[in-house]
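Peer 1: task: produce atomic coordinates for the following.
(4 chains)
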Amino acid sequence: MIKIQKEDFNISNELDSINILSDNIGSVVSFIGKVRPDNNLISMTLECYETMAVKEIEKIINKAKNRWDIITATVIHRYGKLYPGDNIVLIITASEHRSQSIEANQFIIDYLKTEVPIWKNEEYSEHRDWVKTKESDLLSKEKW
Amino acid sequence: MIKIQKEDFNISNELDSINILSDNIGSVVSFIGKVRPDNNLISMTLECYETMAVKEIEKIINKAKNRWDIITATVIHRYGKLYPGDNIVLIITASEHRSQSIEANQFIIDYLKTEVPIWKNEEYSEHRDWVKTKESDLLSKEKW
Amino acid sequence: MKLKYFAWVKEILGKDEENIDIPIGIKTLGDLIDWLVSEDEAFVEVFKNRELVKAAIDLELQDYSCSIENAKEIAFFPPVTGG
Amino acid sequence: MKLKYFAWVKEILGKDEENIDIPIGIKTLGDLIDWLVSEDEAFVEVFKNRELVKAAIDLELQDYSCSIENAKEIAFFPPVTGG
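Peer 2: Numbers count the residues shown, from 1 in each chain, chains lettered A, B, ... in the order given. This next block holds a predicted model:
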């Protein structure tokens, strides 16, 4: 399940939706990425090419399903103006055995950071700036 | 935060408690282990040496904190009679950067499975049995 | 053909999308960019370092050598920074 | 001294804990087990393969060579299977 939305997500609701999908789930792994207040960040505005983002996330989930034995995966990415402490992204993977959902979850976040058309604009008291791609994110993807 | 309890846990409540601990959290990783209905399992009864279990989990969390830059960790383990689909264990780790909470979370579940005095008794239609230690769980721990 | 712009590409151009008629002879993304740059000063600024601008044709990321024949929607944007 | 038993150790013994007075001369966990086995048939069954029984003294896992001096609570149980 993929959602690109302005609103916050509720992880309990998402887990409930996942749990009814299969009786065989033994491991559910969740990753939440949040806005940090580094350098006195005031806000972060996320812009998104929504139709393409959904398609790219679908591709990433399909790659993960080919590679690991996962029963289901959920990706929710927010856009719009967010503040320190706000949730940005939720990734949930479920599998019978834990290694599968753990690795698939990491794979999805690593790929999401470099493949999905979403951009962050950071607002500070004196300026605002588009975030630049991090070398470390490109390297994280390379390991798969 | 460590809890050994009979009742189910609510992940949203636990995440709320974590989020108020620090403004610097950028990544929150959760692992939920659940009862699977393998071989037509009817129920699983978990027995626990509670005082020692709490102490062992504390040790594991402290080891994780020494090794990774995590802001906080939560471990909730249930005991008593559980049924397929029921939650068994919840592990949440929070950090500024995602690699830290991801690795610490895996470390905690791998250690928990081999160090914490909790035992599973599986009930099937014709018999019931104490679960035996899995070789794979011992190996998972060795990798750290 | 619809063109879409995101992040600082959008900011430099001052618009997020537009419909354009492409002249005959424009075969590839690279040709399209050359033509846009020749038509409008703002595109000179956007494409002054082409390495920094990604292009998608109908929701698929493509190299500048890719044909734009039959393309319905072409998007230009910086490297992504979501997640 | 309090003894506690868990999982199949508890089931074989038919009790989950008891308070016992340890005779003089019992210095280690191994001595304690030898004495328990000599006193009660059920312990023979529990300790027929000692590799499979773990022991904790005051909440700390210990080898059978460990001294039980000053121990308040000793627990016997199988390898753990939680998580």
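Peer 1: pretty sure residue A:41 contacts residue A:124?
Peer 2: Yes. In this structure, residue A:41 is within contact of residue A:124 by Cβ atoms under 8 Å, at 6.3 Å. Glycine gets a C-beta too; all of them are placed from N, C-alpha and C.
Peer 1: for residue A:105, see how far away the most centrally placed residue in chain A is.
Peer 2: Centroid-nearest residue in chain A, with Cα atoms, centre = their mean: residue A:89, separated by 4.2 Å. Using Cβ to Cβ, to the nearest Å, residue A:89 is found at 12 Å from residue A:105.
Peer 1: and for those two, which residues touch both?
Peer 2: residue A:31 (Cβ atoms under 8 Å, 6 or more residues apart in numbering or on different chains).
Peer 1: which residues of chain A lie near chain B?
Peer 2: Contacts of chain A with chain B, taken as Cβ under 8 Å from any Cβ of the partner chain, map to A:10-12, A:15, A:19, A:23-37, A:84-85, A:96, A:98-99, A:102, A:106, A:109, A:140.
Peer 1: out of those residues, which sit inside strands?
Peer 2: The members of these that map onto strands under DSSP state E are A:27-34.
Peer 1: now for those residues: which two are most distant?
Peer 2: Largest separation among those by Cβ to Cβ: A:27 and A:34, giving 23.0 Å.
Peer 1: neighbours of the residue in chain C positioned nearest to chain A, how many?
Peer 2: Closest residue of chain C to chain A, Cβ to the nearest Cβ: residue C:82 (2.8 Å). Look at residue C:82: counted by other Cβ atoms under 10 Å in any protein chain shown, it has 26 neighbours.
Peer 1: I'd guessed it sits against residue A:116; true?
Peer 2: Yes. Using Cβ under 8 Å, residue C:82 is in contact with residue A:116, at 5.2 Å.
Peer 1: give me the common contacts of the two.
Peer 2: With contacts defined as Cβ under 8 Å, 6+ apart, the residues adjacent to both residue C:82 and residue A:116 are A:53, A:77.
Peer 1: residue contacts, residue C:63?
Peer 2: residue C:29 are the contacts of residue C:63 under Cβ under 8 Å, 6+ apart.
Peer 1: ok, so what distance separates it from residue B:112?
Peer 2: Noted for residue C:63: a distance of 48 Å to residue B:112, by Cβ to Cβ.
Peer 1: also residue C:42?
Peer 2: Note on residue C:42: its distance to residue B:112, by Cβ to Cβ, is 58 Å.
Peer 1: the two: which is more packed in?
Peer 2: residue B:112 (26 against 15).
Peer 1: that one falls within a helix, correct?
Peer 2: Yes. Residue state for residue B:112 (DSSP: H, G, I helix; E, B strand; the rest coil) corresponds to a helix.
Peer 1: ok, it - contacts?
Peer 2: By Cβ under 8 Å, 6+ apart, the contact list for residue B:112 reads B:57, B:60, B:75, B:77, B:89, B:91, D:82-83.
Peer 1: and if you look at residue C:50?
Peer 2: C:33, C:64.
Peer 1: sec struct for the residue located most distally from the centre of chain A, please.
Peer 2: The centre of chain A is farthest from one residue, residue A:126, which by Cα atoms, centre = their mean lies 29.3 Å away. Here residue A:126 is recorded as coil under three-state DSSP.
Peer 1: is whatever residue of chain A ends up closest to chain C in a bridge, and if so with what?
Peer 2: With Cβ to the nearest Cβ as the measure, residue A:118 is the residue of chain A nearest to chain C, at 2.8 Å. For residue A:118, the beta-bridge partners are residue A:48 (DSSP bridges).
Peer 1: closest point of chain C to chain D, which residue?
Peer 2: Nearest to chain D in chain C, going by Cβ to the nearest Cβ, is residue C:83, at a distance of 29.2 Å.
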